[in-house]
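Asks: Pasting the sequence and the predicted coordinates here, then a few questions.
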Protein chains: 2
Amino acid sequence: MLTTICFDADDTLWHNERFFRLTEARFVELLCDHADPDHLAERLLDAERRNIEHYGYGVKGFTLSMIETALQVTENRVPGAVIAEIVSAGQEMLAHPIELLPGAEQAVTALSEDFQILLITKGDLIHQERKLAQSGLGERFDGVEIVSEKHAAVYRDIFSGRSIAPEAAVMVGNSLKSDVNPAIEAGGWGVHVPFELAWALEHAEAPRAHPRFREIGELSALPALVEEICRNI
Amino acid sequence: MLTTICFDADDTLWHNERFFRLTEARFVELLCDHADPDHLAERLLDAERRNIEHYGYGVKGFTLSMIETALQVTENRVPGAVIAEIVSAGQEMLAHPIELLPGAEQAVTALSEDFQILLITKGDLIHQERKLAQSGLGERFDGVEIVSEKHAAVYRDIFSGRSIAPEAAVMVGNSLKSDVNPAIEAGGWGVHVPFELAWALEHAEAPRAHPRFREIGELSALPALVEEICRNI
C-alpha cells in the first residue's frame, strides 16, 4: 500500500524557472552594451555550474553568478549601475509572489485526505519557506524537507527518518534528475510531471521501462494515478 | 531526566564570526579609497539588517549586502575590480577550513555516549552541511536541523517532531538570542557559552534568574554541568 505522497516545489507546485529565464533575459539586456551578447547566457551557465558546489541552489547563488559573469565578460569594466540592477533583479526574484501551477492545489488537497503529504525541495532555506507560506498550501503538508541536494541517499534518509517504507512512497516532480530518478533509486515510486521549461543543469533520461516510473501531463491527473497504483499493488 | 543535548554550530563548535570580521575589515580596506571609511561598517550592518528577511543568514547574503553597500556608498562608482574582490572574499569564506573551538570535540564525544545529540543551526544549508562534514563531528550527531530562524516555536517543532520532552533537552550555544533564550522559552534548558565576538544582530539579555539557565566559560565544562543538572532534577 502507498502511505506517503512527496511533492517537489519549484515548477511542480508553482512557477520558478520562468522567473530565472526572465531575469536571465534582463541580465543579457543589461550587458548588451558592454559585452558580446552572443555567449552571455552560456557564460552565466558556466558560472552557475562552477559555483553550485559552494553556493548551492537558489536565487542568492544565481545573483552572485550573474555578478561574477558581468565582471568577467567586461574584464571588470561593467558599470556599477549595472551591478546594482543585477542585485535588484535578485531581490525582486526573492520577493516575487507565488503563482501556483494548474491542478497543484486540488491534487495536494485531495491526496492529503488519505495520505501523509511531504514537501521535498532544494534551494535557499528562507526563500523556500516563504514561498510555501505564501502558497497557502503549508497546512496541507505533514512535513517539509528543504535539502541541499536531491540524491537517492537523501531520499533514503528522509524515508527512514520518518519510518516510511520506500515502496510506500511516491515522489512527484518535474525533474527526472532530482525528483523522479533518485526517488526510484531509493526504492520509491517516481511520478514525472514535465514542465515546459527546464534548467540545463537538471537534465536526465526518463527510466521509461521501470515498473515504479509514471508520467502525467498535469497534477490534476495525480489523484487518479495514485488510486490506480494502489489498486495494482 | 535529560535525554537530549542540542548544540549550536557557529561560534559554539567552530569559529565563524572571526571570518566575518576579517572579511568586513577587508571590505573597509577595499573601499577606503572610494568612500568615507568612517561609517562603512555601520552601512554594511544596515544593509544586513535590511536584507536578512529575504536573504536569511549566511555568507551568500553577507556577500550580496557587501556589494550593495559598496554600490551605495560610492553612488555606483565603485570599480568593478573591487566588486570582484568582494565576490572572491565571499567565496573564500565559503571555502575556508573549519577551526574547532577548544573542548568542542571532547564535549560532543563524551556526551554522545549517554545522550541523543542534535545540531541546531541557522545559515546557508549547503555551507552548514559542508562545515559539519569537514568538522569530523558529523557521525556523533543523531540529527541535524538547519533552520532559517531560531525562535521558540522552531525549538518546539524540533522537540515535538522528534518526540523529545522539552524539559529533557538542553540547548548549548553562544547566542542568548538564538540559542539560549528561545530554547528556555520552549521549555528546555539553555546553556550559554559566551564567545569573545558577537554579531550586533544577535544581542539579547541573559535570563540570569531562570532556573533552567546556565553559563559556562568553555565547552570542556559541559559534561560536568550536564551531570550536575541530571543529579538535581
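Replies: Perfect, thanks for sending it. Because the structure is predicted, anything quoted here is derived from the model rather than measured. Numbers count the residues shown, from 1 in each chain, chains lettered A, B, ... in the order given.

Asks: Distance check, A:His203 against chain B.
Replies: 21 Å (Cβ to the nearest Cβ, to the nearest Å). Placement of C-beta: from N, CA and C, glycine included.

Asks: what about A:Asp157, how many residues close to it?
Replies: Under the neighbour criterion other Cβ atoms under 10 Å in any protein chain shown, A:Asp157 is assigned a count of 14.

Asks: Could you check the angle the host helix or strand of it makes with helix B:152-161?
Replies: Element membership for A:Asp157 (DSSP states H and E) is helix A:152-161. With axes from the mean of the first three to the mean of the last three Cα atoms, to 10 degrees applied, the angle from helix A:152-161 to helix B:152-161 works out at 70 degrees.

Asks: Show me what helix A:152-161 is packed against.
Replies: Counting contacts by 3 or more Cβ pairs under 8 Å, 6 or more residues apart in numbering or on different chains; DSSP states H and E, helix A:152-161 packs against strand A:116-122, strand A:143-147, helix A:181-185.

Asks: List the contacts of that helix.
Replies: A:6, A:118, A:120, A:145, A:147, A:164-166, A:169, A:171, A:182-183, A:185-188 (Cβ atoms under 8 Å, 6 or more residues apart in numbering or on different chains).

Asks: Likewise for stretch A:163-171?
Replies: A:1-6, A:8, A:116, A:120, A:155-156, A:158-159, A:179-180, A:183, A:186-191, A:212, A:226, A:229.

Asks: Contacts only, for the most far-flung residue of chain A relative to its centre.
Replies: What lies farthest from the middle of chain A is A:Arg77; by Cα atoms, centre = their mean that is 33.9 Å. When contacts are counted by Cβ under 8 Å, 6+ apart, A:Arg77 touches A:His34, B:Gly80.

Asks: Please apply the same query to the one 3 residues further on.
Replies: When contacts are counted by Cβ under 8 Å, 6+ apart, A:Gly80 is found next to B:Leu71, B:Thr74, B:Asn76, B:Arg77, B:Val78, B:Gly80, B:Ile83.

Asks: Same check on A:Met1?
Replies: Counting by Cβ under 8 Å, 6+ apart, A:Met1 makes contact with A:Ala168, A:Cys230, A:Ile233.

Asks: Against chain B, how distant is the closest residue to A:Ala206 other than its chain neighbours?
Replies: Nearest non-adjacent residue to A:Ala206, counting by Cβ to Cβ, 6 or more residues apart in numbering or on different chains: A:Leu176, 5.6 Å away. Distance, A:Leu176 to chain B, by Cβ to the nearest Cβ: 22 Å.

Asks: per-residue confidence at the closest residue to A:Val28 other than its chain neighbours?
Replies: Setting aside the residues directly before and after it, A:Val28 is nearest to A:Leu40 in space (Cβ to Cβ, 6+ apart), at 4.9 Å. Per-residue confidence (pLDDT) for A:Leu40: 94.

Asks: What is the neighbour count of the residue nearest to A:Gly58 when sequence neighbours are not counted?
Replies: Among residues not flanking A:Gly58 along the chain, A:Asp124 sits closest, at 3.4 Å (Cβ to Cβ, 6+ apart). For A:Asp124, the neighbour count with other Cβ under 10 Å is 29.

Asks: what about the helices in chain A?
Replies: With helices called from DSSP state H, chain A shows them at A:17-31, A:40-55, A:59-73, A:80-95, A:104-112, A:125-135, A:152-161, A:181-185, A:222-232.

Asks: Residues of chain A that sit close to chain B?
Replies: Residues of chain A lying near chain B by Cβ under 8 Å from any Cβ of the partner chain: A:51, A:54-56, A:60-61, A:63-64, A:67-68, A:71, A:74, A:76-81, A:83-84, A:87, A:90-91, A:94-95, A:124-127, A:129, A:146-149.

Asks: show me what contacts A:Leu31?
Replies: A:Pro37, A:Leu40, A:Ala70, A:Val73, A:Thr74, A:Val78, A:Val82.

Asks: Just the buried residues of these.
Replies: A:Leu40, A:Ala70, A:Val73, A:Val78, A:Val82 (16 or more other Cβ atoms under 10 Å in any protein chain shown).

Asks: any chance of these in a markdown table, with distance to A:Phe20 too?
Replies: Shown next, in a markdown table, are the buried ones among the contacts of A:Leu31 (distance: Cβ to Cβ, whole Å):
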| residue | distance to A:Phe20 |
| --- | --- |
| A:Leu40 | 14 |
| A:Ala70 | 16 |
| A:Val73 | 19 |
| A:Val78 | 20 |
| A:Val82 | 19 |
